[in-house]
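Visitor: Here is a sequence with its predicted model. Questions after.
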Amino acid sequence: MTSPVVTPDTVLAPRRVERLVAGQPTSDGAGVKLTRVLTQPLQRRLDPFLMLDAFGSDNPGDYIAGFPDHPHRGFETVTYMIAGRMRHRDSAGHEGLLTNGGVQWMTAGRGVIHSELPEQEEGRMEGFQLWLNLAGKDKMRPAWYRDIPSGQIPEFTHDGVTVRVIAGASHGVAGAMQRDTTEPLYLDLHLAPGARFEQPLPVQANAFVYVYRGALAIGDTPVPVQRMAILANTAGSDGVVLQAGDMPTRALLIAGRPLNEPIAQYGPFVMNTRDELMQAVEDYQNGTLA
């Protein structure tokens, strides 16, 4: 990929940190150990985002069983692999191998059944899965899937910060994915010690930062490793400013336009009403979900 043209952005009224959140250790799939960073009680506050899981282990026992066949309806999953190999197969006939630095973007829509299984028996498996809600008008659209290899994710370096633009746009560089309704921004930031990064954000967007290496500060608030900083929706704010500490730091910056619609969730189904959830369960049970 050729080097993108970078247009530096300036933030004049940065958001502050509303609160810090520590993830909850849990397991999912066939016993994969992970940390649930964005939990269900935060769904309204961080609309349109429903969940963020972080996984990372050098112990195959923590991940080897993977995520066998399971259903989804009503939202999108965005899986970002930092290290490791994961094979995706689904009921729509899609198959892909997710490897270091790659992204798998799947729109469950009206329904899909898929599996995510490791293709390694040793070594490190690390990454994130983000759940992005769909508007009510889009929840029953056909399922869709895209593999984005690492080399297809736009990347730029500016003032000691390397930015991988998975979705949205940063400093004039368009990301690998765009979504009209939720307008997600998904950046993976690699900050050198002492580096500073500014990112404009629409005032209506809900946004958070998750630090997964090192530490940084947002205004006067230190954000240590494995903490999510929810950014305040301050009237008149125009973005966020991140300042790395004295060590190399890596963090995710995620933002999106809220849907402001009812959220009804039952496990892997996310709809707007209880009746729609019951229909999803019934469709899955009788084999007509996907």
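Guide: Yep, it's here. As the structure is a prediction and not an experimental result, all values here were calculated from the model. Residues are numbered from 1 along each chain as shown.

Visitor: would you list every one of the helices in the chain?
Guide: Ranges of helices within the chain are 274-285, based on DSSP state H.

Visitor: residue ranges with poor pLDDT in it?
Guide: Low-confidence segments of the chain (pLDDT under 70): 1-2.

Visitor: Wait, residue 186 touches residue 52, no?
Guide: No: between residue 186 and residue 52 there is no contact under C-beta atoms under 8 Å: 10.6 Å. Any C-beta I mention is one placed from the backbone N, CA and C, and that applies to glycine too.

Visitor: Looking at those two, which is more packed in?
Guide: A count of neighbours by other C-beta atoms under 10 Å puts residue 186 above the other of residue 186 and residue 52, at 26 against 23.

Visitor: Distance-wise, check residue 171 relative to residue 187.
Guide: For residue 171, the distance to residue 187 (C-beta to C-beta, to the nearest Å) stands at 10 Å.

Visitor: Return the distance of stretch 233-245 from the chain's centre.
Guide: Distance of stretch 233-245 from the chain centroid (C-alpha atoms, centre = their mean, to the nearest Å) equals 19 Å.

Visitor: just stretch 213-222 next, same as before
Guide: On C-alpha atoms, centre = their mean, the centre of stretch 213-222 falls 20 Å from that of its chain.

Visitor: Just the buried positions in stretch 119-134, please.
Guide: Within stretch 119-134, the residues that qualify as buried are 125-134, counting by 16 or more other C-beta atoms under 10 Å.

Visitor: In terms of distance to residue 288, which of those ranks first?
Guide: residue 134 (19.3 Å; C-beta to C-beta).

Visitor: Leaving out sequence neighbours, find the closest residue to the closest one.
Guide: residue 75 (5.3 Å; C-beta to C-beta, 6 or more residues apart in numbering).

Visitor: most centrally placed residue in this structure?
Guide: residue 130 (3.3 Å; C-alpha atoms, centre = their mean).

Visitor: tell me which residues form a beta bridge with that one?
Guide: Listed beta-bridge partners, residue 130: residue 52, residue 78 (assigned using DSSP bridges).

Visitor: Show me where the stretch 151-290 of the chain has its strands.
Guide: Taking DSSP state E, counting those that start in this stretch as the test, the strands found in the stretch 151-290 of the chain are 155-158, 161-167, 169-170, 173-174, 185-191, 196-200, 206-213, 216-218, 221-223, 227-231, 239-244, 249-256, 264-266, 269-271.

Visitor: Can you add distance to residue 88 and give these back as CSV?
Guide: CSV is the format used below for these (distance: least, C-beta to C-beta, whole Å):
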stretch, distance to residue 88
strand 155-158, 23
strand 161-167, 17
strand 169-170, 26
strand 173-174, 25
strand 185-191, 18
strand 196-200, 30
strand 206-213, 22
strand 216-218, 32
strand 221-223, 32
strand 227-231, 26
strand 239-244, 32
strand 249-256, 21
strand 264-266, 23
strand 269-271, 19
